[in-house]
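J.: quick one: sequence and predicted model below, then my questions.
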Amino acid sequence: MAAKQQKKRGGGMASVRDFLGKYRLGVDFWAAGLFELLLLPNFVWWFYSPANDVLRTAQSDVLEIFAHIFEAFTLLVFILVVRKERGPFSFFSPYAVFCLLSVILYYAAWIFYFTAYVNAAVLLFLAVLPCTAIGCLAALRKNYFALLPLLVFFSLHLAWTCIHFL
């Protein structure tokens, strides 16, 4: 029965081809804008060291290197792979609202960090919220390609944060 249904749908390769055909290479300006918003506090951090800068004290390791590799891959796919049929952008969709809330809370966490109020919640927010914002916008823009590398990056980034700071 399953073989009959598989043959009727055209096989596994046809469904993969159909999925890949829904995407093209381009630039998603919403994704690029969100990336710039999320990167801005990091630029401030690179040039201005807060009094209790625990992030600079952590040593790099293999986990962090892999996290950065998947971060770069996630951002490339997030920005450069565009779904052909996305529909109109809606600021009132649950994904957009949660994305905006994640960005606001992320900036609040950076404010706490810069004012030397550093605890486990602040560090977890700094690790989790950019990933939730990117995931929500990827889901809103139907960029399902970005979700798998994002999940790997999120797992590595969260693991690194927990190992070094919690």
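T.: Done, it's in.

J.: going by C-alpha atoms from here, please, whenever you check contacts or count neighbours.
T.: Noted.

J.: relative to Leu37, how far out is Phe89?
T.: Separation of Phe89 from Leu37 (C-alpha to C-alpha, to the nearest Å) stands at 18 Å.

J.: looking at these two, which one has more neighbours?
T.: Comparing Phe89 with Leu37 by other C-alpha atoms under 10 Å, the one with more neighbours is Leu37, at 14 against 11.

J.: and the pLDDT for that one?
T.: Predicted confidence (pLDDT) for Leu37: 96.

J.: tell me the gap between the one helix or strand it maps to and the middle of its chain.
T.: Using DSSP states H and E, Leu37 maps to helix 29-47. The chain centre lies 12 Å from the centre of helix 29-47; the measure is C-alpha atoms, centre = their mean, to the nearest Å.

J.: elements contacting that helix?
T.: helix 62-80, helix 94-114, helix 120-140 (3 or more C-alpha pairs under 8 Å, 6 or more residues apart in numbering; DSSP states H and E).

J.: out of the ones you listed, deepest packed?
T.: helix 120-140 (a mean of 20; mean count of other C-alpha atoms under 10 Å).

J.: what sits against the nearest residue in space to Leu100 that is not next to it in sequence?
T.: Leaving out its chain neighbours, the residue that sits closest to Leu100 by C-alpha to C-alpha, 6 or more residues apart in numbering is Ala133, at 7.2 Å. Counting by C-alpha atoms under 8 Å, 6 or more residues apart in numbering, Ala133 touches 98-100, 102-103.

J.: mind putting those in TSV, pLDDT included?
T.: Formatted as TSV, the contacts of Ala133 follow (pLDDT from 0 to 100):
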residue	pLDDT
Phe98	97
Cys99	96
Leu100	96
Ser102	98
Val103	97
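
J.: can you lay out those as CSV showing distance to Leu156?
T.: CSV is the format used below for those (distance: C-alpha to C-alpha, whole Å):
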residue, distance to Leu156
Phe98, 22
Cys99, 21
Leu100, 24
Ser102, 19
Val103, 20
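
J.: ok, Cys99 to Leu38 distance?
T.: 11 Å.

J.: low-confidence ranges in this structure?
T.: 1-14, 87 (pLDDT under 70).

J.: go again with 50.
T.: Applying pLDDT under 50 to the chain flags the ranges 1, 6.

J.: go through the helix holding Leu37 and flag the buried ones.
T.: Buried residues in helix 29-47, counted by 16 or more other C-alpha atoms under 10 Å: 31-32, 34-35, 38, 45.

J.: out of those, flag the one nearest to Tyr113.
T.: Closest to Tyr113 out of the buried residues of helix 29-47 is Trp45 (9.7 Å), distances taken as C-alpha to C-alpha.
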